[in-house]
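J.: Here you go, sequence then predicted model.
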Amino acid sequence: MSASTLDVKVTLNGRKVAARVPADQPLYDFVRAHGCKSVKCACETTNCGLCTVWLDGRAVLSCAVPMARADGHAVTTLEGLREQSADFARCMAEEGAEQCGFCSPGLIMNVLAYEREVVASGAMPSDEELDRRLSGNLCRCSGYMGQRRALKRYLAARLEAAARPDAAKEA
């Protein structure tokens, strides 16, 4: 291994991937090069949220994660969460929150990560908390009202499902 390259191993959407990458390569470039086209970037400054992926189950901005930090970890993109994302994507469409769709993958990744926190707490977040969560995802065409409605509806359904006695069997 030379000083300008780095050998990395990651689990990308459940699949083991080993590669030699430039030492300064961000995770964003790596996942895109490995076919994960849902991951986008508009700012390259951690301001838009479009490049959100999960690193060991935690939402991170892939444009700010160097491959050295991702080495040895599990990386999940929207391609790896198609089934889990379908319900929220449906809520987005039904609430008019889908317009151009450019921001949707990053937003969905954040919402699915947030869902786990909300269900674990057992309480619906306030509108202010929902707005804080949405603020990290740039959307230039929807105005966020439809997204907030979709998020509230989706989280309410998840909390209701988690409160049912048979919920443990479904998980």
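T.: Structure received. Numbering: from 1, shown residues only.
J.: mind listing the helices for the chain?
T.: 27-33, 67-70, 82-94, 104-121, 127-134, 145-163, 167-170 (DSSP state H).
J.: Any idea which of those gets closest to residue 4?
T.: Nearest of these to residue 4, taken as CB to CB: helix 67-70 at 12.6 Å. Where you see a C-beta, it was placed from the backbone N, CA and C, and this is true even at glycine.
J.: Distance from the chain centre to that closest one, please.
T.: Centre-to-centre, helix 67-70 and its host chain are 18 Å apart (CA atoms, centre = their mean, to the nearest Å).
J.: Excluding sequence neighbours, find me the nearest residue to the residue most central in space within the chain.
T.: Taking CA atoms, centre = their mean, the centroid of the chain lies closest to residue 109, which sits 1.8 Å from it. Nearest-residue entry for residue 109: residue 52, 4.2 Å, with adjacent residues in sequence omitted and distances by CB to CB, 6 or more residues apart in numbering.
J.: what's the neighbour count on that neighbour?
T.: 27 (other CB atoms under 10 Å).
J.: and if you look at residue 73?
T.: Neighbours of residue 73 (other CB under 10 Å): 18.
J.: still on that earlier bit, could I get the helices of the chain as TSV with mean pLDDT and distance to residue 16?
T.: Formatted as TSV, these follow (pLDDT from 0 to 100; distance: least, CB to CB, whole Å):
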stretch	mean pLDDT	distance to residue 16
helix 27-33	97	14
helix 67-70	96	13
helix 82-94	92	20
helix 104-121	92	21
helix 127-134	88	32
helix 145-163	93	31
helix 167-170	53	29
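J.: Nearest to residue 5, out of these?
T.: helix 67-70 (10.1 Å).
J.: Give the other helices and strands that that closest one contacts.
T.: For helix 67-70, the packing partners by 3 or more CB pairs under 8 Å, 6 or more residues apart in numbering; DSSP states H and E come out as strand 5-12, helix 27-33.
J.: Give the buried residues for that helix.
T.: Residues 67, 70 are the ones in helix 67-70 that count as buried (16 or more other CB atoms under 10 Å).
J.: try stretch 55-72
T.: 55, 59, 60, 61, 62, 63, 65, 67, 70.
J.: Show me which of those is closest to residue 42.
T.: residue 63 (9.5 Å).
J.: How about the contacts made by that closest one?
T.: 26, 27, 28, 41, 43, 44, 45, 46, 51 (CB atoms under 8 Å, 6 or more residues apart in numbering).
J.: Filter those down to the buried ones.
T.: Of the contacts of residue 63, these count as buried by 16+ other CB under 10 Å: 26, 27, 28, 41, 51.
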